[in-house]
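Visitor: Generate a structure from the sequence data that follows.
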Amino acid sequence: MSPQGPPKTVLAGNFARVDLKTYAAELPLGALTVGVDNIHHDVYLSPTWTEQTRAYLLEFIRQAANLNYSGRKGSKPPKGPETGAWKRQTLELMHASLTRAKYEKKVELDLLFRVALLKFLTQEIGAQFANLLLEAKEWIRTRGEYFERSEQAHVMKARLADLQANRRDIFRQVAQHIYQILLDFEENNLGRWRKALFGDEQKGAYEMLGDRIAFVEGGRDDLLFLEQYVLLGNYLKDDDRFETFDGLLLDLLRETVLTTSRADEIAKASRHHEELLNAAVAIRDELAGLEEQRNALSRKLERGGGMFARVGIGADTSRVRDDLAKTELRMKPLQAKLDQLAPQIEAAKNRADFIGQEYDRIMGEYLNEPENAHCLFDADWPEHSEGAAARARRLEDWVARLEKRDLLIHVLASYEVRNIYHDYCPPIHLQQLKKALVSRGELERVAQILKQFPARRFSMERVETLAKKLRHYPRDEARVVALHFAEDFMRLRRDLRNFERLAAAMERIQLVRSEHTREISRMNNSLYEFLLPTETPPAHDHVINHAVVKADVRGSTRITQDLLARGLNPATLFSLNFYEPVKRILDRYGAAKVFIEGDAMVLAIFETESNRSHQRAVSKACGLARQILAIAAAYNERPEASDLPRLELGVGIAFQGSAPTYWVDSDSRIMISRALNLSDRLSSCSKVARRMLGDRSSLFRLFVFQPGVEGAQEDEVDEFLIRFNLNGVELNQEGFDKLSEEIALQSVEVECEMPWGRELATFFLGQAPIGGAVEPILLRRGYVRQLL
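Guide: Take a look at the predicted model:
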């Protein structure tokens, strides 16, 4: 490939250079283990889900094809597709994949699952369409020979032939329905889940998986292109082919984006290659002359030294030999130099080709980012208002280039045909209708076709009116359409590029369908199984770690004495306003009650061998703690007329990376755990600290102090800490480390007001998937302050 040199055009100097965004998303599946054939990745999808999906797709295809009959004698008419049940199970499977990927700290696992899901769905749409046709033909055959010769059978067979001819339309209708469901999942649920677990990791890869073009047969569909992108020509003879517009935009980009350094690099590489070639040609020409001279001298020696030597005049033979030797002596260094130049020329050529290819690749990445259309052509683009005049001139140049190639009318037609195609297609093909707006000859052919359907009373008036409009299109409107076309073309280019990568990724996946292959791949540790949680019950579900949440009521003794003195019941106050509301939310967070004291509630969230990939014990503990504080806050907002004491709490969360132990007293099971003891300290609040801080204003309700204690051992220091925990939540360091593994945390530093003055505080913000929603989690890194 020859390198692209810097463009030589007058327009290039009139435009300011533009900084554009590049688009280069990829699917990183290369690090995953290959399967038993050493080529593909073996993927086994949930058998429960695959069976339900097959049934769902078959019924949806039947509905789209409008084929209503009973496939077997005596059977009931088929029901419509159960969309709700299928959506719930699909979302559950996608959640399971995400949580597994987070547990194994490998987002590529979820990407593999999503590609496998896409491959299965697109393959099954085609397979179930074929099954529907086979089922219909079998239905005709089973009705008997007499029925097969009936008019009803003839109509049925014609209907099946039409369906076969319209296979692409059925495929698009069903696949786009599936696409919309998956898009809704992404926008309303999965996107927040993934951001909570992985942040923005592989964001471009997930956007690639949302490529609409992957949900049409073969990645090509004129109706999809018309409605979602722009309709371009398909055949080599078409003027408005994709490659034509691509070349025009690439030429314009080379003039607009090519920087001086890039131009100098390309020109330098090309010039170096040319200089070496010229040097080699000069040496080869000189060698050719010397070789011709050597051949002449050799022939002279063969004839015996010439005529003068035969008559005895001179010593011509010896002189010829001397000249021949001198000639060969001159040829040797030239040949050596030529041999040295050969690899240099090859290296220079490779470098020039590489620079040219790299340049073209970068240009292509610019064209794959639709936002660049506004950066190039939109004078009203708000991000860089200072270049509005240059963008306006560039848009005018873009329109002029389209006009020069007679392409502007094709661009206008590709948008205007959207307004009329519903009335003419079928029987007219989309491409044919668009060409009728551009070509008079094609317009007449369309008119002849429509005359063959007199019953439908087609009128050519709208088509002819629109064709005339295109030839007198207002200049301002043409500029708007040209800008819109540039953006739509870049979106189409990006999505076609992404479809190629998705197709390549799907080709590298083998969907395991037989138990034999599944067992072999599993034995070789090369099988990726994506199952529903209900399909993987453990034989022995052992606890592997746990988090303890303790909520302690502040001043419970004073509250009890006050209520008893007034003849009120403190037990019902705590029960109705604290214990019972908290118990109602335990199931949501997967928490269990350990025990309840008079003024405290101790809860635990356990991770077991079966739920360790999705339990996220610390995330749920943080969410549960926040809800406990919210319950107390809601109680405290009661009307003051109730004259009941406020509930102030302190919450401690302690995580332990191992299972607790138990001992049994009669029929009671008592838990023993380091986390249990630690949560007790974390939820405490010293009276000294409350008197020390008093009413000092601060946004925060949790501080830890250390008095000057001499001679204390390292493991005893925590016992001497003074805590202020009034409606606050404290999490131990081991719990924070576990939380960092469970969800993605973003840190930010903010200067905040503390009781002792302003101080820089570090916050960690994340989101935890809990149930079907995502809950925010905000933590502050606190330090133990030394008391002097």
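Visitor: So residue 65 versus residue 128, what's the distance?
Guide: 11 Å (Cβ to Cβ, to the nearest Å). Heads up, the C-betas are built off the backbone N, CA and C, glycines and all.
Visitor: Sorry, slip of the keys, the one I care about is residue 376.
Guide: 45 Å.
Visitor: residues in contact with residue 187?
Guide: With Cβ atoms under 8 Å, 6 or more residues apart in numbering as the criterion, no residue contacts residue 187.
Visitor: what separates stretch 239-254 from the chain centre, distance-wise?
Guide: Computed by Cα atoms, centre = their mean, to the nearest Å, the chain-centroid distance of stretch 239-254 equals 27 Å.
Visitor: no no, stretch 567-586
Guide: With Cα atoms, centre = their mean, you get 47 Å for stretch 567-586.
Visitor: Please settle this for me: is residue 605 part of a strand?
Guide: Yes. Judged by DSSP: H, G, I helix; E, B strand; the rest coil, residue 605 forms part of a strand.
Visitor: Quickly list the domain ranges of this structure.
Guide: When the chain is parsed with automatic domain parsing, its domains come out as 24-210+508-531, 222-240+390-506, 260-368, 537-786.
Visitor: Residue 177 versus residue 466, what's the distance?
Guide: In terms of Cβ to Cβ, residue 466 sits 31 Å off from residue 177.
Visitor: same deal with residue 461?
Guide: From residue 461 over to residue 177 (counting by Cβ to Cβ), the distance is 35 Å.
Visitor: ok, these two, which is more surrounded?
Guide: residue 177 (16 against 8; other Cβ atoms under 10 Å).
Visitor: Can you tell me the element the more buried one falls in?
Guide: helix 167-185 (DSSP states H and E).
Visitor: Can you give the distance of that helix from its chain's centre?
Guide: The answer for helix 167-185 is 19 Å, by Cα atoms, centre = their mean.
Visitor: The nearest residue to residue 204 once chain neighbours are set aside: how many residues sit nearby?
Guide: Once flanking residues are discounted, residue 204 sits nearest to residue 25: 3.2 Å by Cβ to Cβ, 6 or more residues apart in numbering. Neighbour count for residue 25, taken as other Cβ under 10 Å: 17.
Visitor: For residue 25, give me its contacts.
Guide: Contacts of residue 25 (Cβ under 8 Å, 6+ apart): 204, 205, 207, 208, 498.
Visitor: Helix, strand or coil: sort out it for me.
Guide: coil.
Visitor: per-residue pLDDT, it?
Guide: At residue 25, the pLDDT value in this model is 86.
Visitor: where's it relative to residue 512, distance?
Guide: From residue 25 to residue 512 the distance is 28 Å (Cβ to Cβ).
Visitor: What of residue 241?
Guide: For residue 241, the distance to residue 512 - Cβ to Cβ - is 41 Å.
Visitor: Shouldn't residue 749 be within a strand?
Guide: Yes. Counting by three-state DSSP, residue 749 is found in a strand.
Visitor: Return the set of residues that bridge with it.
Guide: residue 762 (DSSP bridges).
Visitor: Go ahead and confirm it touches residue 764.
Guide: No. If you go by Cβ atoms under 8 Å, residue 749 and residue 764 don't touch, sitting 10.8 Å apart.
Visitor: The helix or strand residue 737 falls within - contacts with which helices or strands?
Guide: Taking DSSP H and E as the definition, one finds residue 737 inside helix 733-742. With contacts defined as 3 or more Cβ pairs under 8 Å, 6 or more residues apart in numbering; DSSP states H and E, helix 733-742 has these neighbours: strand 543-553, helix 617-636, strand 649-656, strand 773-781.
Visitor: Tell me which of these is the most buried.
Guide: strand 649-656 (a mean of 26; mean count of other Cβ atoms under 10 Å).
Visitor: tell me the angle it makes with helix 617-636.
Guide: Strand 649-656 and helix 617-636 are oriented at 170 degrees to each other (axes from the mean of the first three to the mean of the last three Cα atoms, to 10 degrees).
Visitor: Give the other helices and strands that strand 649-656 contacts.
Guide: Other helices and strands packing on strand 649-656, by 3+ Cβ pairs under 8 Å, 6+ apart, are strand 543-553, helix 617-636, helix 674-682, strand 722-725, strand 729-731, helix 733-742.
Visitor: Pull out the buried positions in the last one.
Guide: Within helix 733-742, the residues scored as buried using 16 or more other Cβ atoms under 10 Å are 734, 735, 736, 738, 739, 742.
Visitor: still on that earlier bit, residues in contact with the helix holding residue 177?
Guide: 57, 60-61, 64-65, 83, 87, 90-91, 94, 121-122, 125-126, 129, 163, 210, 212, 215-217, 221, 223-224.
Visitor: same thing but 7 Å
Guide: 57, 60-61, 64-65, 87, 91, 94, 121-122, 125-126, 129, 163, 210, 212, 215-217, 221, 223-224 (Cβ atoms under 7 Å, 6 or more residues apart in numbering).
Visitor: quick one, what contacts the most centrally placed residue in the chain?
Guide: Central residue of the chain (Cα atoms, centre = their mean): residue 206, 1.2 Å from the mean position. By Cβ under 7 Å, 6+ apart, residue 206 lies in contact with residue 194.
Visitor: Which strand or helix spans it?
Guide: helix 203-209.
Visitor: Now that helix - C-alpha only, CSV.
Guide: The C-alpha atoms that make up helix 203-209 are tabulated as CSV, following Å, rounded to 0.1, in the frame of the first residue of the first chain:
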residue,chain,number,x,y,z
LYS,A,203,-17.7,0.9,28.6
GLY,A,204,-16.9,0.9,24.9
ALA,A,205,-17.3,-2.9,24.6
TYR,A,206,-20.7,-2.8,26.2
GLU,A,207,-21.8,0.0,23.8
MET,A,208,-20.6,-2.2,21.0
LEU,A,209,-22.9,-5.0,22.2
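Visitor: After that helix, which helix or strand is next?
Guide: Past helix 203-209, the next helix or strand by DSSP H and E is helix 222-228.
Visitor: got the buried residues for that following helix?
Guide: Per 16+ other Cβ under 10 Å, helix 222-228 contains these buried residues: 222, 223, 224, 225, 226, 228.
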